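# Turn this into a structure:
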Amino acid sequence: MANRKAQDKLIVVKHKPGIKRKRRLVFLTGVVVIGAVCFLLGDYQSRYQHNRVVTKLTELSNDYEMLQESEAKLRQQVANLESGRAIDDLAKEEIKETIRNYKSSISQLETDVSFYQNIMAPSDNAKGLQVQKVEIKAGAIKNRFAYKIVLAQVADNKAYVKGIVAVNLIGMQGDKKKIIPLRDISEQKELGIKFKFKYFQDLSGELILPEGLVPESIQVVAQSKGKKASRLEQSFEWQTLINH
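Numbering: from 1, shown residues only. From the prediction side, this is the model:
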């Protein structure tokens, strides 16, 4: 019994209650610092994107005003020359062609300005994910068409919106109605196209009409993800898009 007691050893560990508290404090401080850095980076990116759109809108507005002034001056020149009968037909046509070009540029600028204004401050109550524009243009080769679809986040573009959009061509082939996904008539490989943007995103490419198909409309179905998930479905008449 005495021998056993001699072998027993008592180990004394110095109690340091402040170490765990310090480690916990260091950990919490690190979490707070990382969170603050992430917030500041996100806020900077948001402000940067917003400033880009505002700057672009300002540039377009300035260009629009300059073109209007140039067109007014040319019109005045034509009026002056015609009244003085000092202009020949060739010079007159050249000036009129220049005026037509100015009008075309002004029209495009008006469209661009309206596009950006609708994203930042829409005239109606539309908010969130929208199909802002659909364009179809005939190509040089028969049955080939260029398409452009613009998705936009209207009046609610503080955060990114992401999801999937599907595009279908609807038409008649003989006496049967056909709904053809974009991937079957274009280079698009997936049934749904992924999107992620803050203000807007273009989806463009070329589609080929199947032989014998009479197109009627383009259908766009977009599904966003996240807390504000929403589903958007719109159809656009083919003839209206072609004649636009």
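# is it fair to say residue 62 lies in a helix?
Yes. With DSSP: H, G, I helix; E, B strand; the rest coil as the criterion, residue 62 is part of a helix.
# do you know how far it is from residue 212?
Going from residue 62 to residue 212 by C-beta to C-beta, to the nearest Å gives 50 Å. Glycine gets a C-beta too; all of them are placed from N, C-alpha and C.
# Could you pull out the buried residues of the helix or strand hosting residue 132?
For residue 132, the host element (DSSP states H and E) is strand 128-138. Under the neighbour-count criterion of 16 or more other C-beta atoms under 10 Å, strand 128-138 has 129, 130, 131, 132, 133, 134, 135, 136 buried.
# Next, format these as a markdown table and append pLDDT.
Below are these laid out as a markdown table (pLDDT from 0 to 100):
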| residue | pLDDT |
| --- | --- |
| 129 | 84 |
| 130 | 84 |
| 131 | 87 |
| 132 | 84 |
| 133 | 86 |
| 134 | 92 |
| 135 | 91 |
| 136 | 94 |
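# By mean pLDDT, point me to the weakest helix or strand of the chain.
helix 2-7 (a mean of 49; mean pLDDT, DSSP states H and E).
# Quick check: residue 189 touching residue 182?
No. Contact criterion C-beta atoms under 8 Å: residue 189 and residue 182 do not qualify, at 10.2 Å.
# Between these two, which is the more surrounded one?
residue 182 (25 against 7; other C-beta atoms under 10 Å).
# so what's that one scoring on pLDDT?
On the pLDDT scale, residue 182 is placed at 93.
# swap in residue 141?
Residue 141 is given a pLDDT of 90.
# which residues touch residue 169?
By C-beta atoms under 8 Å, 6 or more residues apart in numbering, the residues touching residue 169 are 178, 179, 180, 182, 185, 207, 209, 213, 215, 218, 219.
# And for the last one, the neighbour number?
What that stands for is residue 219. Around residue 219 there are 17 residues (other C-beta under 10 Å).
# What strand or helix carries it?
strand 213-224.
# avg pLDDT for the helix or strand just after that strand?
Note on strand 213-224: by DSSP H and E, the next helix or strand toward the C-terminus is strand 231-237. The pLDDT scores in strand 231-237 average 91.
# Okay, buried residues for strand 231-237 please.
So, applying 16+ other C-beta under 10 Å, buried residues of strand 231-237: 232, 236.
# which helices and strands does it pack with?
Helices and strands touching strand 231-237, as assessed by 3 or more C-beta pairs under 8 Å, 6 or more residues apart in numbering; DSSP states H and E, comprise strand 128-138, strand 213-224.
# who does that strand pair up with?
Here strand 231-237 is paired, per DSSP bridges, with strand 213-224 (antiparallel).
# now the angle from the strand holding residue 219 to strand 128-138?
160 degrees (axes from the mean of the first three to the mean of the last three C-alpha atoms, to 10 degrees).
# Return the residues in contact with residue 171.
177, 178, 180, 213, 214, 215, 216, 217, 238.
# do residue 178 as well
169, 170, 171, 172, 210, 213.
# at 7 Å instead, please
171, 213 (C-beta atoms under 7 Å, 6 or more residues apart in numbering).
# for residue 233, same thing?
Here residue 233 is in contact with residue 221 (C-beta under 7 Å, 6+ apart).
# Kindly recompute the last result at 10 Å.
For residue 233, the contact set (C-beta atoms under 10 Å, 6 or more residues apart in numbering) comprises 131, 166, 219, 220, 221, 222, 223.
# who does it bridge with?
According to DSSP bridges, beta-bridge pairing links residue 233 with residue 221.
# got it, and residue 173?
Going by DSSP bridges, residue 173 forms beta bridges with residue 176, residue 213.
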